[in-house]
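Enquirer: Quick one: sequence and predicted model below, then my questions.
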Amino acid sequence: MVEHILRMLRKMHLLDNGLKFSRSGEATFIPLLRLPPDQDVTILRDKCGDVKVTQAAFQEIETRPKNLQEAVREELPKESLSDLPRSFDIIGDIAIIELPDSLNPFAPAIGKGILKLNPRLRLVLKKSSDISGTFRTRSFGVIAGVGGSVTLHHEFSCSFRLDVANVYFNSRLSHERKRVAEQVKDGEHVVDMFAGVGPYSILIAKTHPYSTIHSIDLNPEAIKYLGENVLLNKVADRVIPLQGDARLLATESLRGIADRVIMNLPSEAINFLEAAGQLLKAQGGTIHYYAFASREEGLSRVKDEFTSAIESSGRRVQSFTYERAIKEVAPNRVQVALDAVLK
C-alpha cells in the first residue's frame, strides 16, 4: 500500500525526497513538498484508502558530497583547497592518499572527508614514504577511521586478501591486468615473475581454466597472501605459488616452460630480461614488460633497451604488439607497457 501511495505522490510531484519517512505504531508518515489540493487528497483516498494529511516532524536525509573538495570545504582554508589531490587510491575498504606538505596539518580533516565521501570505507591512510626496497613497500600514517591495514579487495571476478603495509598492490592497474588476461589462450603456460598477491595470475586462472600459471615473488608476505587468494578464488589447480628469486628459478626448475611471461616490476624489469628469455619455450612466446620513462623519452628508449637486452640473451624480438604509457607516476614520468613477441 505504501509503495502505491509513493508512486501516486511522485506522479503528482508532491513527494519530498529530501526528508526521511517516519513511523508511529501502524501509521507511516510521508513528507510532502506542499499542502496538496483537496482534489488530490480525494484521489489518494479513492485509490489508496485511509489517507490523512497532517503535520509531523521529519529528519533531513544527509546528502553525500560530490567530491573531496566539497567534503572538506568547511574544514580547510580557502587557499588550501587548490592543493587538494584530485584522486586517491581505494584498496578494499581502505583509502590511500598522497598529501603535499602544505596539507599535513589538515590530514585528519581530509581523512574524515574521504570517509564521508565513501561511507563503505573504514580506514584512510596517508603515504609517508616512496615505494622502496626489494619488496616494493612504503610507509603509511593513519589519518582517519579504524582497524588495521589488512583488507579484502574485489576486482572483476576475483577477490584479493592483502596487507597494504607489507605487500605491493596497485588498484589502478586493474584494466591493464584485464587486458593482459584477455590475450592468454587456453592451455598456455604462464610465468608471472613478480606476482605479488596474485592479481595477474588469479585473473588469468579464472578466465582461462585450462592454463597453468607459475606465480613467483621474493616477498614471503606476498606469497602468504597469494596462497590464501589461490584458495579463496578456487584456482589451486592452476596457480602454483613460488617464493624465491625469479632469476634462479628461470635457470633451474622453470627453464623453457612458458608461452607467456609477465614482468610487472617497472623499476628493475630490465635486469630480469635474460631470465625471462630463459623461461620462454624454445620456439618463443610473449613477454608483457613494464618500465618507467620520462615523457620526453617516450617509448623509443624503452623499446631499444628491451631489444638490446633480449638480443644479448640469444633471443630476437619478432614484433611489439602493444606499446603505451599506461599510468603517470610523477610529473613528467610514466609507466610504460610493452607486449613483445619473441623468437
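Expert: Received, thanks. Since the structure is predicted, the reported quantities are computational estimates derived from the model, not experimental observations.

Enquirer: Which strand or helix spans Q335?
Expert: Counting by DSSP states H and E, the element that carries Q335 is strand 333-342.

Enquirer: So which other helices or strands are in contact with that strand?
Expert: Helices and strands touching strand 333-342, by 3 or more CB pairs under 8 Å, 6 or more residues apart in numbering; DSSP states H and E, are strand 285-294, helix 300-312, strand 317-330. Glycine gets a C-beta too; all of them are placed from N, C-alpha and C.

Enquirer: end-to-end on stretch 253-271?
Expert: 20 Å (CA to CA, to the nearest Å).

Enquirer: who touches that stretch?
Expert: For stretch 253-271, contacts defined as CB atoms under 8 Å, 6 or more residues apart in numbering pick out 136, 173, 180, 183-185, 188-196, 200, 214, 272-273, 276, 278-282, 285-292, 305-306, 309, 335-336.

Enquirer: Write the ChimeraX selection for whichever of those residues are buried.
Expert: Selecting only the buried entries of the contacts of stretch 253-271 in ChimeraX, with 16 or more other CB atoms under 10 Å as the criterion:
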select :136,173,180,184,188,189,190,191,192,193,194,195,196,200,214,272,273,276,278,279,280,285,286,287,288,289,290,291,292,306,309,335,336
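
Enquirer: isn't V235 right up against I202?
Expert: Yes: V235 lies in contact with I202 (CB atoms under 8 Å); the separation is 5.8 Å.

Enquirer: These two: which has the busier surroundings?
Expert: The residue with more neighbours, out of V235 and I202, is I202; 31 against 21, by other CB atoms under 10 Å.

Enquirer: That one and P241 touch, don't they?
Expert: No: using CB under 8 Å, I202 is not in contact with P241; the gap is 10.5 Å.

Enquirer: which neighbours do the two share?
Expert: Common neighbours of I202 and P241 (CB under 8 Å, 6+ apart) are V230.

Enquirer: mean confidence score for the strand or helix carrying L231?
Expert: In the assignment (DSSP H and E), L231 maps to helix 220-232. In this model, helix 220-232 has a mean pLDDT of 98.

Enquirer: One more: stretch 107-117?
Expert: The average pLDDT within stretch 107-117 is 95.

Enquirer: which residues touch it?
Expert: For stretch 107-117, the surrounding residues in contact (CB under 8 Å, 6+ apart) are 64-65, 67-68, 71-72, 75-76, 84, 88, 95, 97, 99, 103, 121-122, 124, 126, 141-145.

Enquirer: among the residues you listed, which are in helices?
Expert: Among those, DSSP state H puts L68, A71, V72 in helices.

Enquirer: ok, now which ones touch V72?
Expert: By CB under 8 Å, 6+ apart, the contact list for V72 reads L81, L84, F106, A109, I110, K112, G113.

Enquirer: Not counting its neighbours along the chain, what's nearest it?
Expert: Excluding the flanking residues, the one nearest V72 by CB to CB, 6 or more residues apart in numbering is G113, at 3.8 Å.

Enquirer: Same check on A250?
Expert: Leaving out its chain neighbours, the residue that sits closest to A250 by CB to CB, 6+ apart is A275, at 3.8 Å.

Enquirer: Equivalent analysis for K47, please.
Expert: In this structure, K47 finds its nearest non-sequential neighbour in M8, 6.4 Å apart by CB to CB, 6+ apart.

Enquirer: Check I326 too.
Expert: A337 is the one closest to I326 (CB to CB, 6+ apart), at 4.8 Å.

Enquirer: Need the residues that contact stretch 18-36.
Expert: By CB under 8 Å, 6+ apart, stretch 18-36 touches 2, 5-6, 9, 12-16, 44, 53-54, 56-61, 63.

Enquirer: Distance-wise, check the residue nearest to I326 relative to E323.
Expert: Look at A337 and E323: by CB to CB, to the nearest Å, they are 7 Å apart.

Enquirer: returning to what we had before: so which of the helices and strands packed on strand 333-342 gets nearest S157?
Expert: Closest approach to S157 among these is made by strand 285-294 (20.0 Å; CB to CB).

Enquirer: Where does the prediction get shaky in the stretch 151-300 of the chain?
Expert: Along the stretch 151-300 of the chain, no part satisfies pLDDT under 70.

Enquirer: what about the helices in it?
Expert: Ranges of helices within the stretch 151-300 of the chain are 174-183, 199-207, 220-232, 246-251, 273-279, 300-312, based on DSSP state H, counting those that start in this stretch.

Enquirer: JSON lines for the helices and strands packed on strand 333-342, including distance to G227?
Expert: Converted to JSON lines, the helices and strands packed on strand 333-342 look like this (distance: least, CB to CB, whole Å):
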{"stretch": "strand 285-294", "distance to G227": "23"}
{"stretch": "helix 300-312", "distance to G227": "32"}
{"stretch": "strand 317-330", "distance to G227": "28"}
